[in-house]
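S.K.: Predicted model and sequence below, questions to follow.
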Amino acid sequence: MQRTAPRSHVLVRGGRALVDGEFERADVTVVESDEGTSLAMERSSASPQLTIDARGLLVLPGLVDVHGDAFERQLMPRPGVGIDVALALLETDRQLVANGITTAYHGVTRSWEPGLRDAAHARALLEAIEQLRPQLAADTRFHLRHETYNLEGEAEILSWIADRRVGVVAFNDHMTGTIKVRHRPDKVAKMIERSGLDATAFHALVDRTVARAEEVPASIARIAAAAVAASVPAMSHDDMTIEQRRWFASLGVAIAEFPLTEAVAEGAVADGAPTVFGAPNVLRGGSHTGCPDAADMVRRGWCKILASDYFYPALLQAPFILARKHGVPLESSWPLVSANAAAAVGLSDRGVIAEGKRADLILVDAPQTGPARVVATIADGRLVHLAEGNRLIS
């Protein structure tokens with residue numbers, strides 16, 4: 001079968017592009033071939049179908065978000081008020097690309113709790129992501145936040161992993177924290193409200209669940225082994241000690257997500273583990289829960305990846321804040337939200353602007369003060385967001 005020569009699809013002209021770790025004035029072309037779209041660093045001899053004037057803008061690799069759960073606000077904008085899953089995901093998709101996120105791992109919790117984070121909701125989200133994927137602008141994947149005390153869900157989770165329906169599996173333990181604060185109404189009120197149970201029923205559920213605590217380590221080991229066998233990236237979440245982190249590492253759980261202390265972050269990096277912290281932590285100037293300061297972790301080299309966590313716009317803003325306020329050059333901070341993140345979850349085709357890579361680009365207006373702003377987003381070669389129509393050149 002004869003293949004057609006690559007043809008110019010989109011030309012991004014006149015911007016300052018991040019190439020090989022440095023900003024340079026460069027034109028970037030999205031080329032189209034029988035295999036799909038990819039990036040090229042030289043202009044095609046053929047006229048592009050679309051030209052975007054990027055003068056005065058930064059041209060950056062699209063953001064790779066390994067953990068974002070702000071979509072829960074679209075699903076339930078007020079306690080007990082549910083919204084259609086498809087509508088919520090489509091609205092979330094618009095938020096993602098408007099904030100420069102071209103690859104998104106939706107952090108979906110499958111918990112021992114009923115309500116928003118129960119098995120039925122996790123199934124519905126997984127099925128909706130799979131069905132809607134052709135309509136979504138961002139490459140949207142399923143980040144399974146497995147609550148380790150959810151022993152009844154293990155068999156189904158193992159089947160999801162074996163069928164490679166899961167993009168990332170993260171091991172979460174919010175039961176330990178629940179036990180610590182269960183006698184403080186101010187601390188457990190939100191959990192009770194989210195579950196849809198009354199207080200008596202909620203505490204009875206906690207008692208029944210924690211009674212099986214001795215079964216949890218073996219369950220974790222089985223799920224971790226399944227992830228390794230299926231080449232599904234895995235994360236330990238909220239590690240409290242370096243011993244806990246190293247136990248997870250011994251199971252093949254390679255990524256340390258949101259270490260709870262500086263010592264854990266330092267030790268995890270020393271062991272070769274990519275560490276993830278929240279971009280909202282950088283945006284706000286520190287953690288709202290008393291955890292390590294993410295900007296400080298970046299400066300020390302103990303944070304390798306930033307994630308949007310609970311606020312999508314933070315992922316775009318964090319590298320610029322690190323550059324302006326913390327002395328971390330943008331060339332060094334951008335990989336935290338692109339190349340490093342992509343590499344950690346096994347996506348070798350994106351995260352950088354280079355010949356042949358996936359055509360995920362964002363054009364950013366970055367003033368000296370104030371928030372950075374995404375002017376245009378190209379996801380897998382398609383222009384999916386444009387804030388300034390006058391930049392299109394016919």
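M.R.: Yep, that arrived. This is a predicted model, so every value here is computed, not measured.

S.K.: is it true that V10 lies in a strand?
M.R.: Yes: using DSSP: H, G, I helix; E, B strand; the rest coil, the secondary structure at V10 is a strand.

S.K.: So the residue nearest to it when sequence neighbours are not counted, which state does it fall into?
M.R.: Spatial nearest neighbour of V10, excluding adjacent residues (Cβ to Cβ, 6 or more residues apart in numbering): V30 at 4.0 Å. The C-beta positions use only the backbone N, C-alpha and C, and glycine is treated the same way. Of the three states, V30 takes strand according to three-state DSSP.

S.K.: Please apply the same query to R324.
M.R.: Under three-state DSSP, R324 comes out as helix.

S.K.: tell me the pLDDT at it?
M.R.: pLDDT for R324: 96.

S.K.: Surely L39 is in a strand?
M.R.: Yes: the assignment for L39, made by three-state DSSP, places it in a strand.

S.K.: what residues are up against it?
M.R.: Taking Cβ atoms under 8 Å, 6 or more residues apart in numbering as the criterion, L39 is in contact with V28, T29, V30, V31, I353, A354, E355, G356, K357, R358, A359, L361.

S.K.: quick check, nearest of the residues you listed to T209?
M.R.: Set against T209, the nearest of the contacts of L39 by Cβ to Cβ is R358 (41.8 Å).

S.K.: Grab the nearest non-local neighbour of the closest one.
M.R.: R350 (4.2 Å).

S.K.: Could you pull up phi and psi at that neighbour?
M.R.: phi -150, psi 180 (degrees, to the nearest 10).

S.K.: And it, what's its pLDDT?
M.R.: 98.

S.K.: ranges for the helices of the stretch 51-200 of the chain?
M.R.: Taking DSSP state H, counting those that start in this stretch as the test, the helices found in the stretch 51-200 of the chain are 72-75, 85-98, 119-132, 154-162, 175-181, 185-195, 199-210.

S.K.: picking that back up, residues touching the residue nearest to R358, list them.
M.R.: Residues counted as contacts of R350 (Cβ under 8 Å, 6+ apart) are P61, G62, V64, T102, T103, S338, A342, K357, R358, D360.

S.K.: With distance to A86 added, can I get the residues you listed in TSV?
M.R.: Below are the contacts of R350 laid out as TSV (distance: Cβ to Cβ, whole Å):
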residue	distance to A86
P61	29
G62	24
V64	24
T102	21
T103	20
S338	29
A342	27
K357	31
R358	26
D360	24
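
S.K.: I'd like to know which of the residues you listed are part of strands.
M.R.: Taking DSSP state E, the ones among these that sit in strands are P61, V64, T102, T103.

S.K.: about what we covered before: ranking the helices of the stretch 51-200 of the chain by mean pLDDT, which is last?
M.R.: Comparing mean pLDDT over the helices of the stretch 51-200 of the chain, the weakest stretch is helix 185-195, at a mean of 79.

S.K.: Next, the angle from that helix to helix 199-210.
M.R.: Helix 185-195 and helix 199-210 are oriented at 90 degrees to each other (axes from the mean of the first three to the mean of the last three Cα atoms, to 10 degrees).

S.K.: Quick check: buried residues in helix 185-195?
M.R.: For helix 185-195, a neighbour-count test (16 or more other Cβ atoms under 10 Å) marks V188, M191, I192, R194, S195 as buried.

S.K.: give me phi/psi at E257?
M.R.: Backbone dihedrals for E257, given as degrees, to the nearest 10, come out at phi -100, psi 120.

S.K.: Quick check: the gap between it and V168.
M.R.: Between E257 and V168 the computed distance is 9 Å (Cβ to Cβ, to the nearest Å).

S.K.: Quickly list what's touching both of the two.
M.R.: Counting by Cβ under 8 Å, 6+ apart, the common neighbours of E257 and V168 are H67, M235.

S.K.: ok, those two, which is more surrounded?
M.R.: Under the criterion of other Cβ atoms under 10 Å, the comparison of E257 against V168 puts E257 first, with 31 against 24.

S.K.: Quickly note the distance from the more buried one to C303.
M.R.: E257 sits 11 Å away from C303, going by Cβ to Cβ.

S.K.: which neighbours do these two share?
M.R.: Any residue near both E257 and C303 by Cβ under 8 Å, 6+ apart counts here, and that gives T275, V276.

S.K.: which strands and helices sit next to the helix or strand of the chain with the lowest mean pLDDT?
M.R.: Every helix and strand of the chain was ranked by mean pLDDT, DSSP states H and E. The lowest is helix 185-195, at a mean of 79. Helices and strands touching helix 185-195, by 3 or more Cβ pairs under 8 Å, 6 or more residues apart in numbering; DSSP states H and E, are helix 175-181, helix 199-210.

S.K.: how about the CA coordinates for the first one, as PDB?
M.R.: To tie it back to what came earlier, the one meant is helix 175-181. The C-alpha coordinates for helix 175-181 follow below in PDB (Å, rounded to 0.1, in the frame of the first residue of the first chain):
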ATOM      1  CA  MET A 175      -9.400   5.100  56.800                       C
ATOM      2  CA  THR A 176      -6.400   5.700  59.100                       C
ATOM      3  CA  GLY A 177      -7.200   9.400  59.100                       C
ATOM      4  CA  THR A 178     -10.900   8.800  59.600                       C
ATOM      5  CA  ILE A 179     -10.200   6.700  62.700                       C
ATOM      6  CA  LYS A 180      -8.000   9.400  64.100                       C
ATOM      7  CA  VAL A 181     -10.700  12.100  63.800                       C
END
